[in-house]
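Asker: Got a sequence here, can you model it:
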Amino acid sequence: MIMPKRIVPPHLISLADASKRTGKMLSRGAYSELDTGASPTLTELTEALHFALGDGRIWLNDQRMVLMQSQVLGRLRQEIIEAFGVETATAMFMRVGYMQGVRDAELIQKRFPNEDLTHALAAGPRVHTLEGFVKVTTRHFEFDSARGTYFGEFDWHDSSEAAEHIAHHGLSSAPVCWMQTGYPSGYTSALFGRPVIFREVECAGMGAPCCRVVGQNAEEWGDDAPERAYLGLEWPRSRRNAHRGAEPALRAAEPPAKAGLPEDAGSSQVIGVSASFLRARLMVEKVADTEATVLLIGESGVGKELFSQQLHQLSGRASGPFVPINCAAIPENLVESELFGVEKGAYTGAIASRPGYFERAAGGTIFLDEIASLAYAAQGKLLRAIQERQIERVGGSRTIPVDVRVVAASNVNLEGEVRAGRFRQDLYFRLCVFPIVIPPLRDRRDDIPMLIDHFLHIFRERHRRDVMGLSRRAIDALLAYDFPGNIRELQNLIERGVIFAEPGGLIDIQHLFTSGEASPKFPLALNRDGRIKPKDIPVAASHPGLITSPGDLAAAEDRLYRDALRAAAGNVSAAARGLGLTRAKLEYRLKKLGLIN
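Answerer: Sure thing, here's the model as predicted:
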């Protein structure tokens, strides 16, 4: 086995001195320069882990997690080895670990946006330990971004992967912690911006007292680096069709594309990755290229019009018009004329014929929102138009054929309206050819982080506000909030936060819940002893109630800083970490408020 070449670093000044001298993110650093207990600590990371008991969700910051017995992974590992061989099993599990490392690197960048690269790299072993696969001890790491060099050494204790391999196969003649080796490769590559490959040089699965891994630049391993193929984006899926001569180049991981969101997407896109959302979107894709009438069912604010727009864009009528109508906004005495138009001379003021919405939508799609609000008499005329594909203008005597696809939406139970006698049964069955249920946001919480990022990008550009993102407490609050107004309410909260937050700062709870919204019911978290407890987030301190003026906001911020400083026993650095700010920024604000000298 080729042993790694150690990178000899140039003389490095301390992190504190470098920050004071340059005020910039460091381009090089080493683990030895970090202070004891440097942020983010394991305690700070456990604050990002919380449990929504009864809701079926576990969160690590804004990423959904699952608990799974290590024996299940061990059994799966055994079956893959027996079915496909050791080489394929190594590639598969190493790739899984790599992707997990990439996602955790994104988590650290989002949860601790003010930390420099040295602190972010040091957090990787702590997150790896927190997730229960192995206990990681950092021996050393050092990097130089300008030169593109990295070197690191770590010890792993009590590897679950090694234990499961021994249980099923006994001691091995080669390292067996494949998934755990992929993890630091993904984590470090994502943060460092260059491919970094880790390799086990000692393994408990081979009888060693603990595992030891070494990581360095991919090119430093030379030609003897099968990990390039294992960790490539197109690694071989089976030995039968693997191209022996091709080894996909490993490259630094990029964040996964947002499902349903092109790079140039605006606020009109439907976005999500949750199972309930994907089910609804799949149904839209299934019916889009047909001429079937579609009924969208969902609460107010879930995005029914956006789904109808996507349905239109995916259909063969995409080049035709899309005409949305809010039926509740049309006066009862004008429904017929608005939908079907007016013939010349029909009324005293009708000096010319006027087409209605159905004629304007010819060749395209008409979207009838809040269909249940239509008067009973108008429902009969709508039924005839849909059924016969022709209309008759008000005051006219001739029928006009219309080639239009009908998509309707309702935020109430139409079956209940039929039973109550407020909605025609025949119209209901005519509309309900292909019903699609759009889930409320509280049932698709996996999509909240993606939606937050989407709206944050939109409103930062729209309002020309340079806010860094959301604080940890704000993210926790949004993940716990019930969103009675669904996506529309989340959009409003993010826009409000972008406007309220200070330039260059973070959006916190007091910037979001300013209109008397019900306080979020926070999920359960881990305490320092590893026990589950109610999550302790001081909403009351940071949400003083309705903010109606800049003076109220200033007073709220004053209370926020005082409470944070008191909770940290006067330690400015600890208070800054709790607020998601740099120490320099918090110190400046505390001095400005006269809270410190």
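Asker: how distant is stretch 99-115 from the center of its chain?
Answerer: In terms of CA atoms, centre = their mean, to the nearest Å, the centre of stretch 99-115 is set 12 Å apart from its chain centre.
Asker: average pLDDT for that stretch?
Answerer: Stretch 99-115 shows a mean pLDDT of 85.
Asker: cool, and stretch 36-50?
Answerer: For stretch 36-50, mean pLDDT rounds to 78.
Asker: What's the end-to-end length of that stretch?
Answerer: In stretch 36-50, first residue to last residue: 26 Å (CA to CA, to the nearest Å).
Asker: Please point out which parts of that stretch sit buried.
Answerer: 39, 40, 44, 45, 46, 47, 48, 49, 50 (16 or more other CB atoms under 10 Å). Every C-beta, even on glycine, is put in place using the N, C-alpha and C of the backbone.
Asker: Also stretch 79-95?
Answerer: In stretch 79-95, counting by 16+ other CB under 10 Å, buried: 80, 81, 84, 88, 89, 90, 91, 92, 93, 94, 95.
Asker: ok so the second one is a helix residue?
Answerer: Pointing back at residue 81 there. Yes. Judged by DSSP: H, G, I helix; E, B strand; the rest coil, residue 81 forms part of a helix.
Asker: Quick check: closest non-adjacent residue to it.
Answerer: Excluding the flanking residues, the one nearest residue 81 by CB to CB, 6 or more residues apart in numbering is residue 89, at 4.6 Å.
Asker: where's the one you found, which helix or strand?
Answerer: According to DSSP states H and E, residue 89 maps onto helix 86-111.
Asker: Tell me where the stretch 451-597 of the chain is predicted with low confidence.
Answerer: 518-519, 521-557, 578, 580-581 (pLDDT under 70).
Asker: now the strands for it?
Answerer: Secondary structure of the stretch 451-597 of the chain, counting by DSSP state E, counting those that start in this stretch: strands at 469-470, 506-507, 524-526, 532-534.
Asker: just to revisit the earlier point, so which of the buried residues of stretch 36-50 belong to strands?
Answerer: 49, 50 (DSSP state E).
Asker: Identify, from the buried residues of stretch 36-50, the entry nearest to residue 444.
Answerer: Checking the buried residues of stretch 36-50 against residue 444 with CB to CB, the nearest one is residue 50 at 18.1 Å.
Asker: and residue 66, what does it touch?
Answerer: For residue 66, the contacting residues are residue 58, by CB atoms under 8 Å, 6 or more residues apart in numbering.
Asker: quick one: it and residue 58, what's the gap?
Answerer: 7 Å (CB to CB, to the nearest Å).
Asker: okay, now the domains of the protein?
Answerer: Domain ranges of the chain: 15-32+68-231, 275-438, 443-592, per automatic domain parsing.
Asker: how about these, which one is nearest residue 62?
Answerer: Closest among the domains of the chain, using CB to CB: domain 443-592, at 3.5 Å.
Asker: Quick one: residues contacting the residue lying closest to residue 92 once chain neighbours are set aside.
Answerer: Nearest in space to residue 92, with sequence neighbours left out and distances taken as CB to CB, 6+ apart, is residue 80 at 6.3 Å. Residues in contact with residue 80, defined by CB under 8 Å, 6+ apart, are 88, 89, 92, 93.
Asker: Tabulate the residues you listed (CSV), appending pLDDT and distance to residue 73.
Answerer: As requested, the contacts of residue 80 are exported to CSV (pLDDT from 0 to 100; distance: CB to CB, whole Å):
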residue, pLDDT, distance to residue 73
88, 90, 16
89, 90, 12
92, 91, 12
93, 92, 9
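Asker: What is the nearest of those to residue 141?
Answerer: Lowest distance from residue 141 to the contacts of residue 80 (CB to CB) belongs to residue 93, with 23.6 Å.
Asker: how close does the closest one sit to residue 212?
Answerer: 19 Å.
Asker: repeat for residue 563
Answerer: If you go by CB to CB, the gap between residue 563 and residue 212 works out to 45 Å.
Asker: can you check residue 420 too?
Answerer: For residue 420, the distance to residue 212 - CB to CB - is 71 Å.
Asker: These two - which one has more neighbours?
Answerer: Each of residue 420 and residue 212 has its neighbours counted (other CB atoms under 10 Å); residue 212 has more, 19 against 9.
Asker: Shouldn't the more buried one be within a strand?
Answerer: Yes. According to three-state DSSP, residue 212 belongs to a strand.
Asker: ok, now which ones touch it?
Answerer: Contacts of residue 212 by CB under 8 Å, 6+ apart are 139, 153, 154, 155, 156, 200, 201, 202.
Asker: one more time with 10 Å, if that's ok
Answerer: Counting by CB atoms under 10 Å, 6 or more residues apart in numbering, residue 212 makes contact with 137, 139, 153-156, 175, 199-204.
Asker: ditto for residue 179
Answerer: Under the criterion of CB under 10 Å, 6+ apart, the neighbours of residue 179 are 73, 77, 90, 92-98, 100-101, 133-134, 159-161.
Asker: And the pLDDT at it?
Answerer: On the pLDDT scale, residue 179 gets 93.
Asker: all numbers from here: first residue = 55
Answerer: Fine by me, first position is 55 from now on; the one you just mentioned is residue 233.
Asker: quick one: what helix or strand has it in it?
Answerer: Using DSSP H and E, residue 233 falls in helix 232-246.
Asker: buried stuff in stretch 209-227?
Answerer: For stretch 209-227, by 16+ other CB under 10 Å, it's 209, 210, 213, 214, 215, 216, 217, 218, 219, 220, 226.
Asker: Just the ones in helices from those residues, please.
Answerer: 214, 215, 216, 217, 218, 219, 220 (DSSP state H).
Asker: how many neighbours does residue 366 have?
Answerer: Counted with other CB under 10 Å, residue 366 comes out at 22.
Asker: The helix or strand containing it: which residues count as buried?
Answerer: In the assignment (DSSP H and E), residue 366 maps to helix 358-368. Within helix 358-368, the residues scored as buried using 16+ other CB under 10 Å are 358, 359, 360, 361, 362, 363, 364, 365, 366.
Asker: who does the next helix or strand after it pair up with?
Answerer: Remark: after helix 358-368, the chain's next helix or strand is strand 376-380, criterion DSSP H and E. When pairing is defined by DSSP bridges, strand 376-380 lines up against strand 419-423 (parallel).
Asker: Flag the shaky bits of the stretch 205-354 of the chain, pLDDT-wise.
Answerer: Checking the stretch 205-354 of the chain against pLDDT under 70 turns up 287-323.
Asker: the strands in it, which residues?
Answerer: 250-256, 265-271, 348-351.
Asker: For the ones you listed, give me CSV that also has distance to residue 509.
Answerer: Formatted as CSV, these follow (distance: least, CB to CB, whole Å):
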stretch, distance to residue 509
strand 250-256, 33
strand 265-271, 37
strand 348-351, 22
